[in-house]
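Peer 1: Structure for this input, please:
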Amino acid sequence: MRNRLLLCCIFLLSCLATIAQDTTRIKRDSTRTRRGGGGGMSALFADSTVLTSSDYQLKIENSYVTLDNIDNKSELGLGVNLIIAKLADSDSVLSVLKDNVLNNSQALNLRNLQVFRTLLLNLQTELRANRKLLDSSETKLNNLKNSFVTLRSDTVLRQLMKDSLLRIQFAPQLKDMREAFRTSTKHLRESLAQVNLLQTHTSANSITTAKLLDKVNNLLNTSATRIFGKEYNYLWEKDTADLSQAARSSFNKAYSGERKALDYYFKDSGNKRAFLLLIGILFFIWMFRNIRTLRRLNGMGAISEMEFNYLPSGYIVSAFVIMFSIAPLFDLHAPAAYIESMQFLLIIILTIICWKKWPRRLFLYWIAMVVLYVFFSFANHIIDPSFWQRSWFIILNILSVIFGWLFLSKMQQNLHMRGFLRFVIILHNIMNVLAIFFNIFGRFSLAQIFGHAAIFSFTQAVGLAVFSKICMEAILLQIVTSRLKRGVTTHFEFQHVLNGFRRPILFLVVILWLIVFTTNLNIYTTVLNGLIEILQADRSIGNATFSIGGILLFFLIIWIAHLLQKYVGYFFGDTGTDEDISNKGQRSRLLIARLILLCLGYLLAVAASGVPVDKITIVLGALGVGIGLGLQNIVNNFVSGIILIFDRPLQIGDVVEIGDKSGRVREIGLRSSTLLTQNGAEVIIPNGDILSQQIVNWTLTNSQQRLEMDLSISGSNDMEVVSSAIKKAILQSKYVVTGREPQILFTKVTEGGFELKAFFWSIDVAKSAEARSEIILLLHKHLNAENITISF
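Peer 2: Numbering: from 1, shown residues only. Okay, the predicted model is just below:
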């Protein structure tokens, strides 16, 4: 009984425990269901939060890719590596400049200071570019560093590293990931440290450059008064000054510093000379292709009557003339030594190209000026002149004046731009006279500057005259070649074409000459900075703010755009003559190209001038008022011109009738169009009037025209014979379309014969008069042979 009672108690306790467990499980499930926000079915199909092995494997792969990407991007690029080499070079040159500017300033002349200033400005620009590149590299590396922080805080990776079973399962992958983590971290830290070190180095060099540049500017300001002051005794006085050994050592030190600075400049500016060489190669290829085309088309005789001196025979040497002449444009802050080296190479090339092109006496005078140029170049490096050196310098000035006048008297028709050359040679002689005056009165530095600048301006002007002539001949050669490619062999008036290019080439020549002239006078930087300050200064009229430079740039770009749209056709052989307008398709394409050039030019001018958009809207509003009041016709003509260009109811070369005017369309402009009548008159019609009238276009789809002739026949009553004879005579004309048979209509029968009308198609509407004339002759000849009398 007792055992049964004990078994019953155990069974009851087990039942109570089971019920309690079920109750707890039910409560826990209901709590999960409430947290999930759904019923039983939602809980059944809900996503599990338990990660699988595939999820961990994918996370490891993504992390490895991220680390590999960080490791690759941590590598410093070519630009940063180049900065390391550049900083080493700049350290070397800054040490030389620092030693000369701070410890040897008394021995520096104006030429040394100009070289140092140019080099310091270039260094300052280069250091700013280096700093910008280093800052961007630092930003990139810091972003990579932040990627590490994101990777470390990833919860999945943390859970993976905490679970010992998972670590064992993914042990090989985790090992590779740890190795990638250590490698990428090391590379990132090294790169970041390298960039920070370079930033510090660049900052230190920038400070040193700024300090030296300030010191050089101060020395330049004081050197002007020094060179205008009396440096040496008057020439007739005894030279009592004797240069000490220490002073000579200081001058040698300054010369050595200038040479090292120039070596660094030439090394640092190699890309500019490479670009200059590329321009020379392109010019050579351009000329070579044109000359080869002329020879292939047997067109060398077409240029024999034109004014060619240097092309096509000297196209190789001409490429060097182009290259060395435009060299100053590619480095506006180049030191005088660089300009001198380019000029010396240009002189050598000029001597080669003009050996057989100039008269013998003129060439001998040129050789004399070249020899004087060499002597002046050496004399420009005299530091402490003796009496005899000063005397020889005066003799050089006198000889330069004499040969300058002789060259001026003999150049006559052998050189281009004679007015410009005459001005330069007179200026050259005046500067030599002033150099003699300064030398006599003890201002030897001024005498050196004026004498050197004078001979330099002379040789540069002669080189630019040859340069301008080569440019003209190259353009003319391109026109002739393009015309021959199109099959046009007729003569054209080339002088008016060259006159169109004369002004822009003269503008370029004057700019190049002024750059070189002011550089040799050691005033280029001062003049340029003064002009920049004037042009970039903000000025205000009311609420409008502008700068003179922006306005000049605006009109300069518009001027260039108009030049391009005016002369772009010349490069395709289109000279605007009557023969050229037969190719309607090409002329229409050129017209669209001109319109595009104008639109791009105006848009570029507005963007480059820096005019605010809100100011443009004000101007457009004012223009709207003006259009409403008095510019309706101008705008109407402008819009009509655009419609004519794109809708093309008529094209250049079409034979049209507009109102009571008829002729061939010679030009379609934005405001007006030009008709060329049969009498040779050019009728200018506003585009608005063209679209407002009926247009009869005889050549819209083809150039054929149906002609009619009234004939009176006597001597034969056989209409079939007469009709056949007339058709046969008409078809023998070269002006008649052979595929269309003439039509004969009899209109009246008379006592001795009959009257009729002959209809036939002329092959070209522009030659209808020639067609009528030839057919009359053919009819008269053939019908008289048949004893038939014909009257018109």
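Peer 1: show me where pLDDT drops low in the chain?
Peer 2: For the chain, the stretches with pLDDT under 70 are 1-50, 107, 224-225, 238-255, 258, 542, 544, 573-588, 609-631.
Peer 1: again, only this time at 50
Peer 2: Counting by pLDDT under 50, the chain contains low-confidence residues at 1-3, 5-7, 11-13, 15-48, 240, 578.
Peer 1: could you point out the longest helix in it?
Peer 2: Ranked by residue count and defined by DSSP state H, the top helix of the chain is helix 171-228.
Peer 1: That helix - contacts with which helices or strands?
Peer 2: In terms of contacts (3 or more CB pairs under 8 Å, 6 or more residues apart in numbering; DSSP states H and E), helix 171-228 is packed against helix 53-73, helix 78-103, helix 110-152, helix 444-485. Glycine gets a C-beta too; all of them are placed from N, C-alpha and C.
Peer 1: Which one of these lies nearest to residue 499?
Peer 2: helix 444-485 (10.0 Å; CB to CB).
Peer 1: related to what we said a few turns ago, ok and the longest helix of the chain relative to helix 110-152, angle-wise?
Peer 2: 160 degrees (axes from the mean of the first three to the mean of the last three CA atoms, to 10 degrees).
Peer 1: how far out from the middle of the chain is helix 171-228?
Peer 2: Relative to the chain's own centre, helix 171-228 is displaced by 33 Å; criterion: CA atoms, centre = their mean, to the nearest Å.
Peer 1: by how many degrees do it and helix 53-73 diverge?
Peer 2: Put simply, helix 171-228 runs at 20 degrees to helix 53-73, going by the same axes, to 10 degrees.
Peer 1: Use 304 as the first number for this chain going forward.
Peer 2: From this message on, residue numbering opens at 304, which makes the last subject helix 474-531.
Peer 1: Need the nearest residue in space to residue 792, chain neighbours excluded.
Peer 2: Counting by CB to CB, 6 or more residues apart in numbering, residue 605 is the residue found nearest to residue 792 once chain neighbours are left out, at 7.1 Å.
Peer 1: Against residue 595, how distant is that neighbour?
Peer 2: 15 Å (CB to CB, to the nearest Å).
Peer 1: can you count the residues close to residue 369?
Peer 2: A count of nearby residues for residue 369, using other CB atoms under 10 Å, gives 20.
Peer 1: Roughly how far does it sit from residue 465?
Peer 2: Relative to residue 465, residue 369 is positioned 21 Å away (CB to CB).
Peer 1: Then residue 418?
Peer 2: Distance of residue 418 to residue 465, given as CB to CB: 69 Å.
Peer 1: between those two, who's got more neighbours?
Peer 2: In this view residue 418 and residue 465 are compared by other CB under 10 Å, and residue 418 has more residues nearby, 23 against 9.
Peer 1: For the nearest residue to that one once chain neighbours are set aside, grab phi and psi.
Peer 2: In this structure, residue 418 finds its nearest non-sequential neighbour in residue 638, 4.6 Å apart by CB to CB, 6+ apart. Here is the backbone geometry of residue 638 (degrees, to the nearest 10): phi -70, psi 160.
Peer 1: What about residue 638, how many residues nearby?
Peer 2: Residue 638 has 24 neighbouring residues, counting by other CB under 10 Å.
Peer 1: show me what contacts it?
Peer 2: 417-418, 421-422, 564-565, 568 (CB atoms under 8 Å, 6 or more residues apart in numbering).
Peer 1: Count the neighbours of the closest residue to residue 493 other than its chain neighbours for me.
Peer 2: The shortest distance from residue 493 to any non-neighbouring residue, by CB to CB, 6+ apart, is to residue 377 (7.9 Å). When neighbours are defined as other CB under 10 Å, residue 377 has 21 of them.
Peer 1: cool, residue 456 as well?
Peer 2: Residue 456 has 9 neighbours, counted by other CB under 10 Å.
Peer 1: Same question for residue 819.
Peer 2: Applying other CB under 10 Å, we find 27 residues neighbouring residue 819.
Peer 1: Do a quick rundown of the helices in the stretch 954-1095 of the chain.
Peer 2: Ranges of helices in the stretch 954-1095 of the chain, per DSSP state H, counting those that start in this stretch, are 990-994, 1022-1034, 1071-1088.
Peer 1: and among these, the most buried is which?
Peer 2: Ranked by mean neighbour count, the helices of the stretch 954-1095 of the chain are led by helix 990-994 with a mean of 21 (mean count of other CB atoms under 10 Å).
Peer 1: CA-only coordinates of that helix, as CSV, when you get a sec.
Peer 2: The C-alpha coordinates for helix 990-994 follow below in CSV (Å, rounded to 0.1, in the frame of the first residue of the first chain):
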residue,chain,number,x,y,z
ASN,A,990,17.6,87.6,-95.4
GLY,A,991,14.3,88.7,-94.2
ASP,A,992,13.3,90.0,-97.6
ILE,A,993,14.4,86.6,-99.2
LEU,A,994,12.0,84.6,-97.0
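Peer 1: Surely residue 1089 and residue 1016 touch.
Peer 2: No - taking contacts as CB atoms under 8 Å, residue 1089 lies outside contact range of residue 1016: 10.6 Å.
Peer 1: Tell me which of these two has more neighbours.
Peer 2: Using other CB under 10 Å as the criterion, residue 1089 and residue 1016 rank with residue 1016 on top: 23 against 13.
Peer 1: what about residue 826, distance to residue 817?
Peer 2: Counting by CB to CB, the gap from residue 826 to residue 817 is 11 Å.
Peer 1: mind listing the strands in this protein by residue range?
Peer 2: Remark: strands assigned in the chain by DSSP state E are 841-844, 847-850, 958-961, 964-971, 975-979, 985-989, 998-1000, 1008-1017, 1046-1052, 1056-1065, 1092-1094.
Peer 1: Okay, and the beta partners of residue 1059?
Peer 2: residue 1014, residue 1049 (DSSP bridges).
Peer 1: still on that earlier bit, turn the helices of the stretch 954-1095 of the chain into TSV, including distance to residue 491.
Peer 2: Formatted as TSV, the helices of the stretch 954-1095 of the chain follow (distance: least, CB to CB, whole Å):
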stretch	distance to residue 491
helix 990-994	67
helix 1022-1034	91
helix 1071-1088	85
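Peer 1: closest to residue 839 out of those?
Peer 2: Of all the helices of the stretch 954-1095 of the chain, helix 990-994 comes closest under CB to CB, at 40.5 Å.
Peer 1: Quick one: list the elements packing against that closest one.
Peer 2: helix 935-950, strand 975-979.
Peer 1: Keeping just the C-alphas, turn the shortest one into CSV.
Peer 2: Once non-C-alpha atoms are left out, strand 975-979 reads as follows in CSV (Å, rounded to 0.1, in the frame of the first residue of the first chain):
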residue,chain,number,x,y,z
SER,A,975,22.2,89.2,-95.7
SER,A,976,22.9,87.1,-98.8
THR,A,977,24.6,88.0,-102.1
LEU,A,978,23.5,87.3,-105.6
LEU,A,979,25.9,87.4,-108.5
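Peer 1: now for that strand, which elements pack on it?
Peer 2: Contacts defined by 3+ CB pairs under 8 Å, 6+ apart place strand 975-979 against helix 935-950, strand 964-971, strand 985-989, helix 990-994.
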